[in-house]
Structures are given as C-alpha cells and as structure tokens.
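Trainee: model the following, please.
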Amino acid sequence: MTGWARIRRNGLIALLSACSFCAVAVWGSRRALPDQTAHPVDGYPDLFIDARACPRRGDSAENGRRAEELARLRADRYPYAPRDGVRAVRHYQEAEACYLVARVERSAARVHGAAAALIGRVNTDYAAARLNLLNALEQERWSAALGEIDRLLQLTDHLERNEYVEWLMQQIGRVEARAGTES
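Mentor: Presented below is the predicted three-dimensional model:
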C-alpha cells in the first residue's frame, strides 16, 4: 500500500469511529427517566397557596388559641407523618387570622413566625423528596423511589385534581412491581 492510500484508509476508519462514538453518546444521553416525558420535572404544585380564615362562630381569640394548639400538635408529629406538617401550617394560618381579628398582634406575630419556619422546613423536605425520587428512578432504586412517592403523596394529600399528584399515583403500581423484583 502506498503512503496516501494508507493515510486515507486510516483517516476513513478514524472518521467512522468518531461518528459511531458520537451517535452512541447522543443515544445514551437521550435516555430519559422512566416516564419522564409524561411528567415535567418543574411541574410540581406549591403546597401552601391559600391562607386560612378564622371561623366566624365563637370568640376569635379562643379560636386562635385552639388553632395554635392544634398546629403545635401537628408540627410535633411532622417528622413521623409528613401530611401533619402541611396541616400544622394551615392551623397556624388560621390561628394568625383569628388573632388578627381579635386584635392580639403579639400572638399573631408569634404564630406567623412559627408558620414561616415550618413552611421553610416542609418546602425544603418537599424539594428533597422530589429530587430523591428523580434520582431513585434514574438509578433504578425502586424501593427508595417507592418511599419517596409515599412521602410526596402525604405532602400533597390536601391537593385535589393535580397533574403532579396524578402522575405520582400512576407511578405506584409500576414502581411497586419493580421494587418486588429488587434483591
């Protein structure tokens, strides 16, 4: 073989190898998460969108005290039952509204601070659970994904007819089946 023929042959082999490598890289990078296309990553709902009002019946200050007490009880249970964190925030918001109606500003400020702190904690846990779910699905850790789906369903328990919640519900059967085959 002459020098030019060898150079052309080697160049052609190198070009074909590079094209093949690029095609495999593009194909591999397009591998989506299971059902990722049916669910946008940023399509999750806010947990705290509507503020609670004070009930009209009864003494507003007493209603505020009762709602604050319920909020504290729920907040204490939050580490064990995620839905109780969301319920606690709603009770804090109701207590704040009642204290404002009763013109007890100090108590209103206290429960507002408690609600803000709990909202921050719940939203942080909510973001972590969403991220953990996506990572578990991507890495095919089905048992971990099932746990995160359960946590997310508890956090979104109060939302009705939401696309993200419906997507989570659809994932349960599929992930349970795969979790059962995990060793």
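Trainee: leaving out the residues flanking it, which one is nearest to the most centrally placed residue in the chain?
Mentor: With distances taken as CA atoms, centre = their mean, R130 lies nearest the centre of the chain, 3.5 Å away. Nearest non-adjacent residue to R130, counting by CB to CB, 6 or more residues apart in numbering: Y44, 6.0 Å away. Quick note: C-beta positions are derived from backbone N, CA and C, even for glycine.
Trainee: on that earlier part again, the residue nearest to the centre of the chain in helix, strand or coil?
Mentor: helix (DSSP: H, G, I helix; E, B strand; the rest coil).
Trainee: ok, it to G64 distance?
Mentor: 33 Å (CB to CB, to the nearest Å).
Trainee: contact partners for the residue nearest to the centre of the chain?
Mentor: Contacts for R130 (CB atoms under 8 Å, 6 or more residues apart in numbering) come out as Y44, E148, L152.
Trainee: just the buried residues of the one helix or strand A116 maps to, please?
Mentor: According to DSSP states H and E, A116 maps onto helix 105-138. Of the residues in helix 105-138, 107-108, 110-112, 114-115, 118-119, 122-123, 125-126, 129-130, 132-134, 136-137 count as buried by neighbour count, 16 or more other CB atoms under 10 Å.
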